[in-house]
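Colleague: Sequence plus predicted model, see below.
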Amino acid sequence: MTTEDRSTRFLDVMERHKGILYKIAHSYCKVPEDRKDLIQEIFIQLWRSFDKYDDTYRHSTWIYRIALNTAISFYRKTRVRDKISLPITEGEMNFTALDDIGEKEAHLSILQQFIQGLKEIDKALMLLYLEEKSYREISVITGITETNVATKVSRIKAALQQKFLQLKEK
């Protein structure tokens with residue numbers, strides 16, 4: 001395959017799956033400039049590993065795996081360097097009146113804030129779970145066994161549900 005063919009094929013795959021990159025960047029970076037840096041770093045890592053792509057898996061699985069690993073590394077570096085990714089406490093949350101944006105949107109906003117406060121791997125698991133990936137596919141992407149994925153997702157869901165219940169009691 002020529003370099004031009006490789007580039008064209010890579011860009012086609014990236015165009016079809018660019019939403020994955022934006023979702024992951026948004027989940028791992030609060031600052032817009034950091035999001036741009038992370039997306040660029042993910043693109044670089046994807047380009048470097050494009051020749052190693054195993055076509056027994058879907059492109060989205062391959063992209064998620066590389067993107068999440070890159071995001072977790074980026075998150076750790078950023079957290080250590082800038083101390084900007086501290087978990088959000090309930091007192092820091094920005095709650096908009098339910099009448100203003102609607103109950104469903106408010107719940108989604110709160111859920112996103114709760115997810116932002118999770119550990120890196122838990123955040124990755126919830127992102128994939130909310131993308132309706134199967135436990136098998138999450139297992140392939142993260143390198144965790146299916147059983148462990150199911151257990152972790154169940155525990156995270158229970159913890160998030162508990163946070164919602166505590167919030168309603170206030």
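Modeller: Yep, it's here. Keep in mind it's a predicted model, so treat the numbers as computed, not measured.
Colleague: Let me see the confidence value for V153.
Modeller: Note on V153: pLDDT of 93.
Colleague: List the contacts of the residue nearest the centre of the chain.
Modeller: Nearest residue to the geometric centre of the chain (Cα atoms, centre = their mean): I24, 3.6 Å. Residues in contact with I24, defined by Cβ atoms under 8 Å, 6 or more residues apart in numbering, are 38, 42, 64, 67-68, 71, 127. C-beta: built from backbone N, CA, C; applies to glycine.
Colleague: Determine the three-state secondary structure at it.
Modeller: Assigned state for I24: helix (three-state reduction, DSSP: H, G, I helix; E, B strand; the rest coil).
Colleague: E132 now?
Modeller: Under three-state DSSP, E132 comes out as coil.
Colleague: can you list the domains in this protein?
Modeller: The chain breaks down by automatic domain parsing into domains covering 1-86, 90-170.
Colleague: worst average pLDDT in those domains?
Modeller: In terms of average pLDDT, domain 90-170 trails the rest of those, at a mean of 79.
Colleague: ok now that domain, how far from the chain's centre?
Modeller: Offset of domain 90-170 from its chain centre (Cα atoms, centre = their mean, to the nearest Å): 11 Å.
Colleague: same deal with stretch 50-60?
Modeller: Mean C-alpha position of stretch 50-60 versus that of the full chain (Cα atoms, centre = their mean) differs by 19 Å.
Colleague: swap in stretch 28-45?
Modeller: 12 Å.
Colleague: just so I have it, where are all the strands in this structure?
Modeller: Counting by DSSP state E, the chain has no strands at all.
Colleague: For it, which segments are assigned as helices?
Modeller: Using DSSP state H, the helices of the chain run over residues 3-28, 32-49, 59-82, 98-101, 103-116, 120-130, 135-142, 146-169.
Colleague: which other residues reach the last one?
Modeller: The reference is to helix 146-169. With contacts defined as Cβ under 8 Å, 6+ apart, helix 146-169 is touched by 90, 107, 110-111, 114-115, 118, 121-122, 125-126, 129, 135-136, 138-139, 142, 144.
Colleague: Nice, that's everything, thank you.
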